[in-house]
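Asks: Below are the sequence and a predicted model; questions follow.
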Amino acid sequence: MNIGMILDAPFPTDYRVEKEAKTLAEAGHKVVLFCLNNGREQAEEYYKGFRIARYPTNVLEYKLSALAYTVPFYHWMMERKLNDFISRYKPDIVHVHDMVIGRAALNVARKRNLPVVLDLHENRPEIMKEYRHVNRFPGNVLINLSTWRKEQDKLIEEASKVVVVTPSAKADILMSTTKSQSDIIVLPNTPSKEFLEIPVDQALSDRMKGTFNLLYVGDTSERRGTADLIKAVAELKGSIPEIRLWMVGKSSFDQELNALATKLGVEGVVHFEGWQPERLFPSYIHGAAICLSPLKRNQHHDTTYANKLFQYMAYSRPLIVSDCTAQAELVRTEDCGLVFTAGDVNDLAAAVMKLYREADVREKLGENAKDALVNRWLWESTSRELLELYRTF
């Protein structure tokens, strides 16, 4: 089958998209990925078994994407590119990633009677509630999130099949649309075996020796609960003098986080590492005693898995996560960590203290994490539903 994948961003930047395209190509499908080109990449190339077709973009298109469901200009621009893409590569099916470019993709596919797989990496209308540009003028006037939610539901109804990342996300769709169970598959963004084979960076490993290390990997924005981590470390430093918090990632909230660490007197305890290449993630995880995901609760966080959860599990580390529905269920089901009440710094600190005091519990939870990852949560296992989905066409 000829599959035309559609991504409204430059590539390679999205590991989930890469894994899906590669998996389908390895299964014998011909995959061509439409993506955008900021001028720094080849217009076309072969990459890990599939073809990439890049179309020029500009700052105006990027800004209009935020208003995709306020005014139709972004969809018109994308439809022109997509018409050329489909005419040129003649896919049998369109697989569109996320809803921003979803309307343009569905419009073009419908005119050509092509089936559409809508791949929702997240609940975009819900996560947008946390975006600064949505909550500030002029975004708070121009962007209507109830319209985005209605449009997301319309896209789901029109799509032939829908892909989501958690059972909770599937349940949400079944409640808000008329889509049937059989038309929705769950495809978590889990790591592949390749991630397990990345060697440990010795220099980084040496930096992390001799201390009790807590690790957070990913976007450091406020909604991720990162400030709670710093507050918890401030509460614990008297009881755990060797405690260190390593924050690998960044966001526009970093200035506030640095100021908070200074205010609480833990600027020497918290390591702000910024964004680091994924090849170093295993080294950070290897050097950690506990890995964390302290997400604030909202409908988006309740219905998604942070990629970091599975990366932590891959290297036998116990998890401490907030009680967002999906990640709490994962940790409890696999018995691979502790769950605390989101936003409750005292509860978070108590969980860290428990695992600090009980090394045997830390070790057992870490073993459970690795066992669950290898036997149930590697991409090679979780991607089977994607392959089954394409056998239905």
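Replies: In hand now; what should we look at?

Asks: residue ranges of the strands in the stretch 51-200 of the chain, please?
Replies: Assigned by DSSP state E, counting those that start in this stretch, the stretch 51-200 of the chain shows strands spanning 93-97, 116-119, 161-164, 184-186.

Asks: Leu36 is in contact with Asn58, isn't it?
Replies: No - with contact defined as CB atoms under 8 Å, Leu36 does not reach Asn58; the gap is 9.4 Å. Glycine gets a C-beta too; all of them are placed from N, C-alpha and C.

Asks: out of the strands of the stretch 51-200 of the chain, which comes closest to Arg223?
Replies: With CB to CB, the closest approach to Arg223 among the strands of the stretch 51-200 of the chain belongs to strand 161-164: 20.2 Å.

Asks: got the contact list for that closest one?
Replies: Counting by CB atoms under 8 Å, 6 or more residues apart in numbering, strand 161-164 makes contact with 115-120, 156, 170, 173, 179, 183-187, 303, 386, 389, 392, all of which sit outside it.

Asks: Just the C-alphas of that strand, formatted as CSV.
Replies: Presented in CSV, the C-alpha positions along strand 161-164 are these (Å, rounded to 0.1, in the frame of the first residue of the first chain):
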residue,chain,number,x,y,z
LYS,A,161,-9.5,5.5,11.4
VAL,A,162,-8.1,7.3,14.5
VAL,A,163,-4.8,6.7,16.3
VAL,A,164,-4.3,7.9,20.0
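
Asks: strand partners of that strand, parallel vs antiparallel please.
Replies: Pairing partners of strand 161-164, with direction, according to DSSP bridges: strand 116-119 (parallel), strand 184-186 (parallel).

Asks: Serialize those to CSV and add fields for distance to Thr220 and mean neighbour count.
Replies: CSV is the format used below for the strands paired with strand 161-164 (distance: least, CB to CB, whole Å; neighbours: other CB atoms under 10 Å):
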stretch, distance to Thr220, mean neighbour count
strand 116-119, 26, 24
strand 184-186, 28, 19
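
Asks: As JSON lines, the ones you listed with distance to Val269 would be great.
Replies: Formatted as JSON lines, the strands paired with strand 161-164 follow (distance: least, CB to CB, whole Å):
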{"stretch": "strand 116-119", "distance to Val269": "41"}
{"stretch": "strand 184-186", "distance to Val269": "39"}
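
Asks: possible to save those as JSON lines with mean pLDDT and distance to Val345?
Replies: Below are those laid out as JSON lines (pLDDT from 0 to 100; distance: least, CB to CB, whole Å):
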{"stretch": "strand 116-119", "mean pLDDT": "98", "distance to Val345": "36"}
{"stretch": "strand 184-186", "mean pLDDT": "97", "distance to Val345": "33"}
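
Asks: about what we covered before: between the strands of the stretch 51-200 of the chain, which one is closest to Leu64.
Replies: Between the strands of the stretch 51-200 of the chain, strand 93-97 lies closest to Leu64; by CB to CB that is 17.8 Å.

Asks: what separates the closest one from the chain centre, distance-wise?
Replies: 19 Å (CA atoms, centre = their mean, to the nearest Å).

Asks: what's the burial count for Val266?
Replies: Residues lying near Val266 (other CB atoms under 10 Å) number 21.

Asks: quick check, it in a helix?
Replies: No - under DSSP: H, G, I helix; E, B strand; the rest coil, Val266 sits outside any helix and is assigned coil.

Asks: which residue packs closest to it, ignoring adjacent ones?
Replies: Ala234 (5.0 Å; CB to CB, 6 or more residues apart in numbering).

Asks: From what I see, the one you found and Leu264 are in contact.
Replies: Yes - here Ala234 reaches Leu264: they are 3.9 Å apart, a contact under CB under 8 Å.

Asks: Which one of those two is surrounded by more residues?
Replies: Neighbour totals were compared for Ala234 and Leu264, and Ala234 leads with 21 against 16 (other CB under 10 Å).
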